[in-house]
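Chemist: Dropping the sequence and predicted coords here.
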Amino acid sequence: MDKKLRAKKFGMIFAVVMVVTGLLLMYTGNDALVLATEKKEGILTAEQIKLSFENVGGRMVKECVKEADQVKKGDVLMVLDSTDVDLSIAKLEAQIAQMKSQIKSAGGGVNIAMSQADTNEQQSFRQIDQQKAAVDAAEANYNNASLDYNRKVQLFEVGAISKADLDAAQTSLQVNTANVAQQKQLLSKLLAGTSDNGDTDSLNLPTIALERQTAANKLNDVEALNQQLKGLEVQLKELKVKKERLTLRAPEDGKIIKILAKEGEMIAQNTPVLLMESNRYYFDIYVSEEKVDKYKEGDEIEAISVAGKKKVKGTIRLLTQAPGFADLRMTREKGQADLTSFQMRIYLEPTEEILPGMTMGVKMR
């Protein structure tokens, strides 16, 4: 009987202890439900990058990395054969050099033509001045011959001179008249239709204007050659960009986790050849709508690793409504969720103490 009473007594004490412990856990917030709402955990994931040769293809001639290698931004990963591109670049560079030579020659020809036009203009001006002097001299001789002829006509009428002297004076007048006409004709030819304003150096001679126009037209030819040169230079830049793309470089720091193409294989354009794990680490947690208003994108938050309790600074990059499977569902009409969950994506600053695959936790506010 004593044993039964003792057992009953111990049972009652145990029940009381359990009830008191449960109440303490509930009031101190250490029950399972409270803990689940105060702390959220997720699996740390590293963003993966598929690398390919951008808009170029060919035979791979060099494989510079292997799986598990750590790489830095700009490191050479793979190289494609550049023989065809190198030949095209050399050919285009030769064409550009030839075009520059043509432009230099054509430009020099324009300068020579312009200089020759200036020289011809000065020579024409001096010839015009000389011809004006010749016209003036011819007119002076004509005036003298005319006076002499008129005087001898009067003398002949009074019988002071012979008919032969009068005929000689008349012949001289006719010769000088013809000479004036000839000299004026030569001056008119030099002026080429330009009105003589008395200032020879200000004349705009049509022949010189034509020479300058012809030289200016050659400038258009030079400009056309310059445009062709620009087109060739653009093609050269495109080829150099293409050659640069034949070398695949790491876009950022990270780790090679899979090689999809081997040395010697033909690689098609934009075909993935490497899978790289970046140093951008993140994990997702799901927060109820009761807690989500305490956070916003861009907030800094502290994460703690489950293994080792390592503390790492993080930043909330994404805060959006989670898929339906993450909602907390309870008994309700039509199966609607009692609480809507929100997906929170947290990016961490990479450190040597945390690795992808580790479980990271966040203590909720």
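Modeler: Yep, it's here. Here the structure is a predicted model, which means the values were calculated and not measured. Residues are numbered from 1 along each chain as shown.
Chemist: Next up, identify which helix or strand Leu274 is on.
Modeler: strand 272-288 (DSSP states H and E).
Chemist: Which positions within that strand qualify as buried?
Modeler: 273-278, 280-288 (16 or more other CB atoms under 10 Å). Every residue, glycine included, has its C-beta placed from N, CA and C.
Chemist: got it, and stretch 41-59?
Modeler: Those would be Gly42, Leu44, Thr45, Ala46, Ile49, Leu51, Ser52, Phe53, Val56, Gly58, for stretch 41-59 by 16+ other CB under 10 Å.
Chemist: Just give me the closest of these to Ile316.
Modeler: Comparing the buried residues of stretch 41-59 against Ile316 with CB to CB places Gly42 closest, at 12.6 Å.
Chemist: list the contacts for the closest one?
Modeler: Listed by CB atoms under 8 Å, 6 or more residues apart in numbering, the contact partners of Gly42 are Phe283, Asp284, Ile285, Ile346, Thr359, Met360.
Chemist: Please identify which pair of those residues lies farthest apart.
Modeler: Spanning the widest gap among these are Ile346 and Thr359, at 13.0 Å by CB to CB.
Chemist: For the chain, name the helix or strand with the lowest mean pLDDT.
Modeler: In the chain, no helix or strand scores lower on mean pLDDT, DSSP states H and E than helix 32-38, which sits at a mean of 51.
Chemist: how much does the helix or strand just after that one deviate in direction from strand 272-288?
Modeler: Proceeding N to C from helix 32-38, the next assigned helix or strand is strand 39-43, under DSSP H and E. Relative orientation of strand 39-43 versus strand 272-288 (axes from the mean of the first three to the mean of the last three CA atoms, to 10 degrees): 170 degrees.
Chemist: Tell me the strands beside strand 39-43, with direction?
Modeler: strand 359-363 (antiparallel) (DSSP bridges).
Chemist: buried set for the partner strand?
Modeler: Buried-residue list, strand 359-363, by 16+ other CB under 10 Å: Met360, Gly361, Val362.
Chemist: Over to stretch 144-159?
Modeler: Buried residues in stretch 144-159, counting neighbours by 16+ other CB under 10 Å, are found at Ala145, Asp148, Tyr149, Lys152, Phe156.
Chemist: count of residues packed around the residue nearest to Leu92 when sequence neighbours are not counted?
Modeler: Closest residue to Leu92 apart from its sequence neighbours, by CB to CB, 6 or more residues apart in numbering: Leu236 at 5.0 Å. Leu236 has 16 neighbouring residues, counting by other CB atoms under 10 Å.
Chemist: ok, Leu236 - contacts?
Modeler: Neighbours of Leu236 in contact, by CB under 8 Å, 6+ apart: Ile89, Leu92, Glu93, Ile96.
Chemist: Can you add distance to Asn204 and give the residues you listed back as a markdown table?
Modeler: Below are the contacts of Leu236 laid out as a markdown table (distance: CB to CB, whole Å):
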| residue | distance to Asn204 |
| --- | --- |
| Ile89 | 51 |
| Leu92 | 46 |
| Glu93 | 46 |
| Ile96 | 41 |
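Chemist: Just the buried ones from those residues, in PyMOL syntax?
Modeler: A single PyMOL command is used to select the members of the contacts of Leu236 judged buried by 16+ other CB under 10 Å:
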select buried, resi 89+92+96
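Chemist: so what pLDDT did the closest residue in space to Met114 that isn't next to it in sequence get?
Modeler: Leaving aside its chain neighbours, Met114 sits nearest to Ala215 (4.9 Å; criterion: CB to CB, 6+ apart). As predicted, Ala215 sits at a pLDDT of 73.
Chemist: Now the residue of the chain positioned farthest from its centre. Its backbone dihedrals?
Modeler: Farthest-out residue of the chain from its mean C-alpha position, per CA atoms, centre = their mean: Gly159, at 103.3 Å. The phi and psi values for Gly159, taken as degrees, to the nearest 10, are phi 80, psi 20.
Chemist: What of Gln269?
Modeler: Main-chain torsions, Gln269, degrees, to the nearest 10: phi -60, psi 140.
Chemist: could I get the buried residues of strand 359-363 as CSV with distance to Leu232 and pLDDT?
Modeler: Putting those into CSV (distance: CB to CB, whole Å; pLDDT from 0 to 100) gives the following:
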residue, distance to Leu232, pLDDT
Met360, 57, 94
Gly361, 62, 94
Val362, 60, 93
